[in-house]
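In: pasting the structure only:
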């Protein structure tokens, strides 16, 4: 005899990913390791930013990178060249990293080093302004990049990404003199969808703004160490 | 997204072991301020469940509109990209979202049989 039943769940559609993300974050917390999820459209400058940041903070922090790309290990090779352990995660046709992929990357990283010896794990996500915004990987904070060549309307067109970010970097500001764009409009549109995030204009070419970004990274690491309770840096 | 939904449904199925739920409808709430396109989700769901324990299960999606609350005057409004998501009352940025971020499996309509799970997996 079959009885029609109904389960009222209220379960997140992404519950399975969420559970894995929380599992990853529990590991990060136990290792006192800050995890930053870096996201942007393709070509906004994620890898260049990481090359400069890792080089500049090499004396302050022990770092490693999980490098997500649909194909090739070109970015992973660039970051290996600046002297940090990098685990490439090739997603195939998937347009974003998910928590299970990052968990797999962590297992590979653990074969090379003890994660507890690290201060900061960078997750460089697949270049995409849509899906990565919805898939937590266990990060403590999300960083989004928006290059000035993309146009100031992108926070309005892809609002979820910029809403979810804790820090938005407006990149390639060295190109501003050559473009018919207004930096203030970029910042205004970001703040319209996310009034609470940190917004930092930067250029990896001439170094403008990078010091402020480095301070943001260091203060995020310090905040995790100062209060290592699991919820301290988890985005609301 | 479909893969993730299937994984979440697999987790739900384990609650009923050793019985096997036969799912008629999965009711979702999908907010307007998410990266999910409901029509595309239904399309990929139908292809993804074919031949699985969810074969024949229907996906019913209830869209949830984006509603913001102006933190200056507490009135609710429908934010739009054209208005820069600002509140029409005070021209304030979209600080508080009341609804629109939902990606929720609201409920599942199903029947239970006592077929052992191992048999259900093999079929």
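Out: Arrived safely. A quick note: this is a predicted structure, and the numbers were derived from the prediction, not measured.
In: For the rest of this, base every contact and every neighbour count on C-alpha atoms.
Out: OK.
In: any idea whether residue A:217 is helix, strand or coil?
Out: Secondary structure, DSSP: H, G, I helix; E, B strand; the rest coil: residue A:217 is helix.
In: if I look at it, how far off is chain B?
Out: Distance from residue A:217 to chain B, counting by CA to the nearest CA, to the nearest Å: 24 Å.
In: Near residue 59, how many other residues are there?
Out: The chain I'm using is chain A. Using other CA atoms under 10 Å in any protein chain shown, residue A:59 has 8 neighbouring residues.
In: actually chain B
Out: Residue B:59: 18 surrounding residues under other CA under 10 Å.
In: looking at this, it is in a strand?
Out: Yes: the assignment for residue B:59 (three-state DSSP) places it in a strand.
In: shouldn't it be in contact with residue B:47?
Out: No: shown here, residue B:59 and residue B:47 do not form a contact pair, counting by CA atoms under 8 Å, at 11.8 Å.
In: where along chain A do the helices fall?
Out: Secondary structure of chain A (DSSP state H): helices at A:15-30, A:46-56, A:74-80, A:99-110, A:154-157, A:159-164, A:183-193, A:210-226.
In: elements contacting the longest one?
Out: Contact partners of helix A:210-226 among helices and strands, from 3 or more CA pairs under 8 Å, 6 or more residues apart in numbering or on different chains; DSSP states H and E: strand A:34-39.
In: now with 6 Å?
Out: Contact partners of helix A:210-226 among helices and strands, from 3 or more CA pairs under 6 Å, 6 or more residues apart in numbering or on different chains; DSSP states H and E: none.
In: thinking again about what came up before, could you dump the helices of chain A into a markdown table with mean pLDDT and mean neighbour count added?
Out: Formatted as a markdown table, the helices of chain A follow (pLDDT from 0 to 100; neighbours: other CA atoms under 10 Å in any protein chain shown):
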| stretch | mean pLDDT | mean neighbour count |
| --- | --- | --- |
| helix A:15-30 | 94 | 20 |
| helix A:46-56 | 97 | 19 |
| helix A:74-80 | 91 | 17 |
| helix A:99-110 | 95 | 18 |
| helix A:154-157 | 94 | 20 |
| helix A:159-164 | 96 | 25 |
| helix A:183-193 | 96 | 20 |
| helix A:210-226 | 94 | 16 |
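In: so which of those helices gets nearest residue B:69?
Out: helix A:183-193 (12.8 Å; CA to CA).
In: Briefly note if that closest one comes near chain B.
Out: Yes: Helix A:183-193 reaches chain B (CA under 6 Å from any CA of the partner chain) through A:192, A:193.
In: Next up, the contacts around residue 25.
Out: Let's take chain A. residue A:138 (CA atoms under 6 Å, 6 or more residues apart in numbering or on different chains).
In: wait, chain B
Out: By CA under 6 Å, 6+ apart, the neighbours of residue B:25 are B:57, B:58, B:59, B:108, B:109.
In: Of those - the most surrounded one?
Out: Among the contacts of residue B:25, residue B:108 has the most neighbours (other CA under 10 Å), with 24 neighbours.
In: Is that one bridged to anything, and to what?
Out: With DSSP bridges applied, residue B:108 shows beta-bridge pairing to residue A:7, residue B:26.
In: and chain B, which of its residues are near chain A?
Out: Residues of chain B lying near chain A by CA under 6 Å from any CA: B:4-5, B:7-8, B:81, B:93-94, B:103-111.
In: Quick check: helices, which of these are part of them?
Out: Reading helices off the residues of chain B next to chain A with DSSP H, I get B:4, B:5, B:7, B:8.
In: near chain B, which residues of chain A show up?
Out: Counting by CA under 6 Å from any CA, chain A sits next to chain B at A:2-16, A:156, A:192-193.
In: hmm, try it at 8 Å
Out: Chain A comes close to chain B at residues A:1-17, A:130-131, A:133-134, A:156-157, A:159-160, A:189, A:191-196, as judged by CA under 8 Å from any CA of the partner chain.
In: where are the low-confidence patches of chain B?
Out: Judged against pLDDT under 70, the low-scoring parts of chain B cover residues B:114-123.
In: what number of residues lie near residue A:181?
Out: Count around residue A:181 with other CA under 10 Å applied: 15.
In: contacting residues around it?
Out: Applying CA atoms under 8 Å, 6 or more residues apart in numbering or on different chains, we find residue A:181 in contact with A:148, A:151, A:152.
In: And the nearest residue to residue B:78 once chain neighbours are set aside, its phi and psi?
Out: For residue B:78, ignoring the flanking residues on the chain, the nearest one in space by CA to CA, 6 or more residues apart in numbering or on different chains is residue B:67 at 4.9 Å. According to degrees, to the nearest 10, the main-chain angles of residue B:67 amount to phi -130, psi 130.
In: Run through the bridge partners of residue B:67.
Out: In this entry, residue B:67 is beta-bridged to residue B:99, by DSSP bridges.
In: Verify the stated contact: it with residue B:98.
Out: Yes: counting by CA under 8 Å, residue B:98 is a contact partner of residue B:67 at 5.3 Å.
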